[in-house]
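Enquirer: All I have is the shape, not the residue letters:
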């Protein structure tokens, strides 16, 4: 399959950005079916705005076992 650079419009800011042939090839290799909808700047801002996971499971505590075997 041949890929060519394409111009897309960002869903958030409305700016045109280039979806390069290399990015399209990467998306195809990963099995991604949809084109990106945000420009790189908005993707970065959105990613930074998301709360970070603490790695803890919500509401469950691990109990230590004591006693003889």
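Expert: Yep, it's here. Bear in mind that the values here come from a model prediction, so they are computed numbers and not experimental data.

Enquirer: so the residue nearest the centre of the chain, which of the three states?
Expert: With distances taken as Cα atoms, centre = their mean, residue 47 lies nearest the centre of the chain, 7.4 Å away. When classified by DSSP: H, G, I helix; E, B strand; the rest coil, residue 47 comes out as helix.

Enquirer: Now do the contacts for it.
Expert: Neighbouring residues of residue 47 by Cβ atoms under 8 Å, 6 or more residues apart in numbering: there are none. (Each C-beta comes from the backbone N, C-alpha and C, glycine too.)

Enquirer: Tell me how far it lies from residue 5.
Expert: Distance, residue 47 to residue 5, using Cβ to Cβ, to the nearest Å: 24 Å.

Enquirer: Equivalent analysis for residue 40, please.
Expert: 14 Å.

Enquirer: Repeat that for residue 50.
Expert: Separation of residue 50 from residue 5 (Cβ to Cβ): 29 Å.

Enquirer: More neighbours: these two, which one.
Expert: Taking neighbours as other Cβ atoms under 10 Å, residue 50 and residue 5 compare with residue 5 leading, 11 against 7.

Enquirer: For that one, give me its contacts.
Expert: Counting by Cβ under 8 Å, 6+ apart, the residues that residue 5 touches are 18, 19, 20, 21.

Enquirer: swap in residue 27?
Expert: By Cβ under 8 Å, 6+ apart, residue 27 lies in contact with residue 35.

Enquirer: repeat that with 10 Å
Expert: Residue 27 makes contacts with 3, 19, 33, 34, 35, 36, as judged by Cβ atoms under 10 Å, 6 or more residues apart in numbering.

Enquirer: Need the buried ones from those selected in ChimeraX.
Expert: Per 16 or more other Cβ atoms under 10 Å, the buried members of these correspond to this ChimeraX selection:
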select :19,36
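
Enquirer: Closest one to residue 12 out of the contacts of residue 27, please.
Expert: For the contacts of residue 27, the residue nearest residue 12 by Cβ to Cβ is residue 36; the value is 11.4 Å.

Enquirer: low-confidence ranges in the chain?
Expert: 54-69 (pLDDT under 70).
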